[in-house]
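Undergrad: Sequence plus the predicted model coming up.
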Amino acid sequence: MLHLLARYWWTVALRGLLAVLFGLLAIFMPGKTLLVLVLLFGAYAFLDGIFDLVSGVRSPRHSWAFLLEGIVGIIAGVVTFVWPGITAMVLLYLIAFWAILTGVFEIVSGIRLRTAIANEKWLVLTGILSLLFGILIIIFPGAGALAIAFWMGAYALIFGIMLIALAFRLRGFRHLEG
């Protein structure tokens with residue numbers, strides 16, 4: 001798994017960059033309509049799911065967590081595009097459960113990656129961040145669309161930075177390609 005992630009480190013970095021861009025848009029343009037926010041989330045979840053699915057397919061060992069994370073992301077993206085007029089509350093719960101499931105799968109993947117990279121913590125930390133983000137949305141659903149847009153943006157920005165840090169750490173392991 002480390003060999004594959006090191007070889008395609010740039011896909012992890014690209015995934016992080018997409019999260020950072022999504023985060024910045026959500027933070028600096030919170031006044032946009034809920035529909036725009038719904039479509040931005042749908043696009044991000046769908047693309048993130050594709051990256052995870054590809055990672056899972058290309059890695060025959062320990063791939064089930066990436067496959068499940070990818071499927072969850074793709075489903076969340078498709079549901080968002082099929083029903084873009086869903087209410088803010090339904091969107092909040094969709095985002096919350098997506099973040100919780102993504103967090104669990106990232107923690108599992110990160111723990112498995114720790115056996116290949118000593119003291120590796122970035123994927124576990126992104127999983128914990130995702131899990132906490134989802135739980136906070138469930139606890140405080142009535143915070144309002146602008147507040148949720150800000151929190152989504154902050155989450156995506158931090159998540160993206162962590163993924164970029166992981167990508168550059170993986171880049172250092174390219175010598176394992178053999």
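TA: Great, that's in hand. Numbers count the residues shown, from 1 in each chain.
Undergrad: Give me the next element, helix or strand, following the helix or strand of the chain with the lowest mean pLDDT.
TA: For the chain, using mean pLDDT, DSSP states H and E, the weakest element among its helices and strands is helix 2-7, scoring a mean of 79. Sequence order places helix 9-28 as the next helix or strand after helix 2-7, per DSSP states H and E.
Undergrad: circling back: tell me which residues in the least confident helix or strand of the chain are buried?
TA: By 16 or more other Cβ atoms under 10 Å, the buried positions in helix 2-7 come out as 2, 4-7. Glycine gets a C-beta too; all of them are placed from N, C-alpha and C.
Undergrad: repeat for stretch 38-57
TA: For stretch 38-57, burial by neighbour count (16+ other Cβ under 10 Å) applies to 38-42, 44-49, 51-53, 55-56.
Undergrad: Ok, stretch 162-177 next?
TA: 162-167, 169-170, 173.
Undergrad: And for stretch 114-127?
TA: Quick answer for stretch 114-127 (16+ other Cβ under 10 Å): 117, 120-127.
Undergrad: same question, stretch 13-24
TA: In stretch 13-24, the ones that count as buried by 16+ other Cβ under 10 Å are 13-20, 22-23.
Undergrad: Ok, stretch 127-147 next?
TA: Neighbour counts using 16+ other Cβ under 10 Å place 127, 129-131, 133-134, 136-137, 145 of stretch 127-147 among the buried residues.
Undergrad: Of these, which one scores lowest on pLDDT?
TA: pLDDT across the buried residues of stretch 127-147 is lowest for residue 145, at 61.
Undergrad: tally of neighbours for the closest residue to residue 53 other than its chain neighbours?
TA: Distances taken as Cβ to Cβ, 6 or more residues apart in numbering place residue 70 nearest to residue 53, at 3.1 Å, with adjacent residues excluded. Neighbour count for residue 70, taken as other Cβ atoms under 10 Å: 23.
Undergrad: Nothing else from me, thank you.
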